[in-house]
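Student: generate a structure from the sequence data that follows.
(one chain, ligands or ions: 1)
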Amino acid sequence: MNTRYQRQSFLGEGSQTVIERALIGIVGLGGGGSHIVQQTAHIGFKHYAVFDPQTAEDTNLNRLIGARLVDIGREKLKIARRIIKGLQPDARVLCQRVRWQAAPDVLAACDIVFGCVDSFQDRDELETFCRRHLILYIDIGMDIHQVDGDPPRMAGQVILSAPGYPCMKCLGFITPEKLAREAQAYGVAGARPQVVWPNGVLASSAVGLAVAALTCWTQNARAPVYLCYDGNKNLLTDHVRLQFTPKECQHYPLASGGSAIVTAL
Ligand SMILES: [Zn+2]
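Tutor: Next comes the predicted model:
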């Protein structure tokens, strides 16, 4: 008998099969995405679509899970693939060395997409795409805010956005003001601070949400999820905005799902 997954058999009968059959998309492999790669490979996922156009640099090594010193200059995709194949030699890994927008068909086939991207615009576009294709979207991210005279503040979020349920706009996480501010500051943001441990907390929580959604082991999977991370206090809590979120999403009505229809002008 294969005892490899014995310690996670509480997930339920057939859960390992569900996990093995699911196609997960991971967009962005630099920080949180590298944790998600590692954990999902341990859990037993075998179908991946991974997106990242970048190569590893020395400044990535403080947080890029699976990277070694000799990997400087290597594609992040190859580092991810090595982790997955080391644990799941028969896994199918669709490596996309492009921004996800350049390979929409690959992303559209995913059952769950993890968004580990930097900008609000990217998140907004990813969620819109996932809604249209009825894909469960899980977003993670962190930032450090510097205020003169105060210690740096580390904050982050984990959001689960499910078709038919409140979206990141409903939750007040994506707002026209944030998108406009970001567009104005484009190119002047510089290198943002990033460290490994908050990524680990956020990615672990995202993986937990995905496994719960696939296996229903908790018997109370819910949507949306909006977890707020306070890195200064090491706290992960329900965001207060959840209480004020409308029950139904007006931004992405279920009826507008499905493939885009292109017509000649
Ligand atoms: Zn909405």
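Student: any chance you could list what contacts stretch 226-238?
Tutor: 142, 151, 153-160, 171, 173, 198, 201-202, 205, 239-242, 245 (Cβ atoms under 8 Å, 6 or more residues apart in numbering). Any C-beta I mention is one placed from the backbone N, CA and C, and that applies to glycine too.
Student: contacts only, for residue 20.
Tutor: 44, 45, 46, 47.
Student: closest to residue 32 among those residues?
Tutor: residue 45 (16.1 Å; Cβ to Cβ).
Student: that closest one and residue 19 touch, don't they?
Tutor: Yes: using Cβ atoms under 8 Å, residue 45 is in contact with residue 19, at 5.8 Å.
Student: touching the lowest-mean-pLDDT helix or strand in the chain from outside, list them.
Tutor: Every helix and strand of the chain was ranked by mean pLDDT, DSSP states H and E. The lowest is helix 176-184, at a mean of 93. Contacts to helix 176-184, defined as Cβ under 8 Å, 6+ apart, come from residues 119, 120, 121, 124.
Student: could you rerun that using 10 Å?
Tutor: Among residues not part of helix 176-184, those counted as contacts by Cβ atoms under 10 Å, 6 or more residues apart in numbering are 118, 119, 120, 121, 122, 123, 124, 169, 172, 175, 189.
Student: so how far is it off the chain centroid?
Tutor: Distance of helix 176-184 from its chain centroid, counting by Cα atoms, centre = their mean, to the nearest Å, is 21 Å.
Student: which parts of that helix are buried?
Tutor: By 16 or more other Cβ atoms under 10 Å, the buried positions in helix 176-184 come out as 178, 182.
Student: over to stretch 25-42?
Tutor: Buried residues in stretch 25-42 (16+ other Cβ under 10 Å): 25-41.
Student: for stretch 79-91, output the C-alpha coordinates as PDB.
Tutor: The C-alpha trace of stretch 79-91 is given here as PDB (Å, rounded to 0.1, in the frame of the first residue of the first chain):
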ATOM      1  CA  ILE A  79      13.500  26.600 -10.200                       C
ATOM      2  CA  ALA A  80       9.800  26.000  -9.700                       C
ATOM      3  CA  ARG A  81       9.800  23.100 -12.100                       C
ATOM      4  CA  ARG A  82      12.800  21.500 -10.300                       C
ATOM      5  CA  ILE A  83      10.900  21.700  -7.000                       C
ATOM      6  CA  ILE A  84       7.800  20.100  -8.500                       C
ATOM      7  CA  LYS A  85       9.600  17.400 -10.400                       C
ATOM      8  CA  GLY A  86      11.700  16.500  -7.300                       C
ATOM      9  CA  LEU A  87       8.500  15.600  -5.500                       C
ATOM     10  CA  GLN A  88       6.200  14.700  -8.400                       C
ATOM     11  CA  PRO A  89       8.300  13.300 -11.300                       C
ATOM     12  CA  ASP A  90       5.200  12.600 -13.400                       C
ATOM     13  CA  ALA A  91       3.700  16.100 -12.800                       C
END
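Student: just the helices in this protein please.
Tutor: 15-21, 32-43, 76-87, 104-108, 120-132, 176-184, 196-215 (DSSP state H).
Student: just the ones you listed: most buried one?
Tutor: Most buried of these, by mean neighbour count (mean count of other Cβ atoms under 10 Å): helix 32-43, with a mean of 25.
Student: tell me the gap between that one and the middle of its chain.
Tutor: Worked out by Cα atoms, centre = their mean, helix 32-43 lies 11 Å from the chain centre.
Student: which helices and strands does that helix pack with?
Tutor: Contacts defined by 3 or more Cβ pairs under 10 Å, 6 or more residues apart in numbering; DSSP states H and E place helix 32-43 against helix 15-21, strand 23-27, strand 47-51, helix 76-87, strand 112-115, strand 136-145, helix 196-215.
Student: cheers, nothing more for now.
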